[in-house]
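Visitor: here is a sequence with its predicted model. Questions after.
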Amino acid sequence: MSFDFDQPVDRAGTHALKYDLRAQKFGRADVAPLWIADMDFAAPECVTQALIPRAQHPIYGYTTWPAGMLDALVGWCARRHHWQVETDWLLPANGVLAALSAALQACTQAGDGVIVQPPVYGGFVEAALACRRQPVDNQLHEEAGHYTMDFAQLEQCARAGARTLMLCNPHNPVGRAWSRDELTELLRIARQYGITVISDEVHGDLALPGHVHQPLAALATAQDRVITLLSPSKTFNLQGLGLAVLATANPELRAAVAHQLEALHLVGANPFAVAAAEAAWRGGDAWVDALQTYLGATRDLLIARLPASNAIHAVPPQASYLAWLDCRALRKTDAELRDFFITHCGLGLNPGADYGQGGSGFMRFNFGAPRKMVETALDRIAAALKSA
Ligand SMILES: Cc1ncc(COP(=O)(O)O)c(C=O)c1O
């Protein structure tokens, strides 16, 4: 089976946020959109083929979560990640960030500390603040472009009273697919201090060649306080369908999360989302295999064109389609850096400073697009650096 990821897809008229919010976000509507974590690839055929008949049935009323969709996810986790999930651990919800907030509210009280590991996906801190929780930084350690967790400082956060950690596994934006050893140590600390770990694994299906995704929960027992956030949204680019599944083997946590999902009315299924998710988890393997290979080759291109010796260089991503560009050698302020990419390169990237401590001097580059688009962006960066 072959898939054509090189084929550009015109998204005009689809209200694509990545395109339509450019003027608002960058002050110019003509920048190449390499920002928000949304890929410019057509969804797999199996997804479209499931959506068409559902759309053709003209009643879109209240919908249940089909057992078949949850079974499909159980099969997916076993095949793709060697993680044996039980169907009754799964709590579906209509929204990834909504599910994250529900999990947070289920295991913390207003005012509680919530540990985050910056530079990290901004939705974590936003969710914590919106829920009136207190983000507590456990900044990642960076050395020569390699990021690791600071376990000693994590223990200090726990000793100071924080009892919940939002883990990004794999990590957006630094691209780490955390290793079994790292996650084992994290789990040891979580057990010692009674920390609940909310492990956001929405990028977990997209480990790049040479790397594997290790689900945290596959190392845990039902006594551990681990909640995993799963979704087809990043893997198959179905963000607009807003479907997430929370998984926990811990019955007490499961009851608390289920209660929050009910309280927030997040349990109504969207008929399109369930059709798409079941089809993707049943039939999307070959497409994801091909996508991983394609993204791996684009990653190699990025590293070759932006090597460590370059004034702008890419931290090699181990998973997903987000490259973390180290621009510190340019010695620009964050405002100047943003302006350099918008004005001199004509590119819309996410500023690293938006990811919290350790993000200053970096930019996040979304390479989930036909390779020609990525090559054009790299050409523009090279030309702008020459004339800078
Ligand atoms: C780690 C992580 N979690 C959650 C989300 C939100 O996912 P969605 O946009 O599918 O709601 C994102 C989106 O970028 C993300 O990177």
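Guide: Nice, I can see it.
Visitor: might you report the residue contacts of the residue in the stretch 201-350 of the chain that the ligand sits nearest to?
Guide: For the stretch 201-350 of the chain and the ligand, the shortest gap (CB to the nearest ligand atom) falls at Ser233, measuring 3.4 Å. C-beta: built from backbone N, CA, C; applies to glycine. With CB atoms under 8 Å, 6 or more residues apart in numbering as the criterion, the residues that contact Ser233 are 96, 202, 239, 241-244.
Visitor: what of Gln153?
Guide: Contacts of Gln153 were listed using CB under 8 Å, 6+ apart, and they are 138-139.
Visitor: about what we covered before: need the contacts of Ser233 in JSON lines with neighbour count, distance to Arg79 and pLDDT, can you?
Guide: Formatted as JSON lines, those follow (neighbours: other CB atoms under 10 Å; distance: CB to CB, whole Å; pLDDT from 0 to 100):
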{"residue": "Val96", "neighbour count": "22", "distance to Arg79": "22", "pLDDT": "93"}
{"residue": "Val202", "neighbour count": "26", "distance to Arg79": "18", "pLDDT": "98"}
{"residue": "Gln239", "neighbour count": "19", "distance to Arg79": "23", "pLDDT": "98"}
{"residue": "Leu241", "neighbour count": "23", "distance to Arg79": "22", "pLDDT": "97"}
{"residue": "Gly242", "neighbour count": "19", "distance to Arg79": "25", "pLDDT": "96"}
{"residue": "Leu243", "neighbour count": "26", "distance to Arg79": "19", "pLDDT": "97"}
{"residue": "Ala244", "neighbour count": "26", "distance to Arg79": "20", "pLDDT": "98"}
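Visitor: of the residues you listed, list those near the ligand.
Guide: Of the entries in the contacts of Ser233, those that also sit close to the ligand under the rule CB under 6 Å from any ligand atom are 96, 202, 239.
Visitor: ok, Ile115 - contacts?
Guide: With contact set as CB under 8 Å, 6+ apart, Ile115 has these partners: 135-138, 154, 157-158, 162, 164-166, 195.
Visitor: just name the closest of the residues you listed to Leu129, please.
Guide: Nearest to Leu129 out of the contacts of Ile115 is Pro135 (CB to CB; 6.8 Å).
Visitor: what does the helix or strand in which that closest one is found rub up against?
Guide: In the assignment (DSSP states H and E), Pro135 maps to strand 134-137. Surrounding strand 134-137, the residues in contact under the criterion CB under 8 Å, 6+ apart are 111-118, 124-125, 128-129, 157, 160, 162, 356-357.
Visitor: just the buried subset of those, written out for PyMOL, thanks.
Guide: Here is the PyMOL selection string for the buried members of the contacts of strand 134-137, based on 16 or more other CB atoms under 10 Å:
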select buried, resi 112+113+114+115+116+117+118+124+125+128+157+162+356
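Visitor: nearest residue to the residue in the stretch 51-200 of the chain that the ligand sits nearest to other than its sequence neighbours?
Guide: At 3.3 Å from the ligand, Val96 is the closest residue in the stretch 51-200 of the chain, using CB to the nearest ligand atom. Across the structure, with CB to CB, 6 or more residues apart in numbering as the measure, the residue nearest Val96 apart from its sequence neighbours is Ala244 (4.3 Å).
Visitor: show me what contacts the residue of the chain positioned farthest from its centre?
Guide: No residue in the chain has its C-alpha farther from the mean C-alpha position than Ser387, which lies at 34.6 Å (CA atoms, centre = their mean). The contact partners of Ser387, taken as CB under 8 Å, 6+ apart, are His344.
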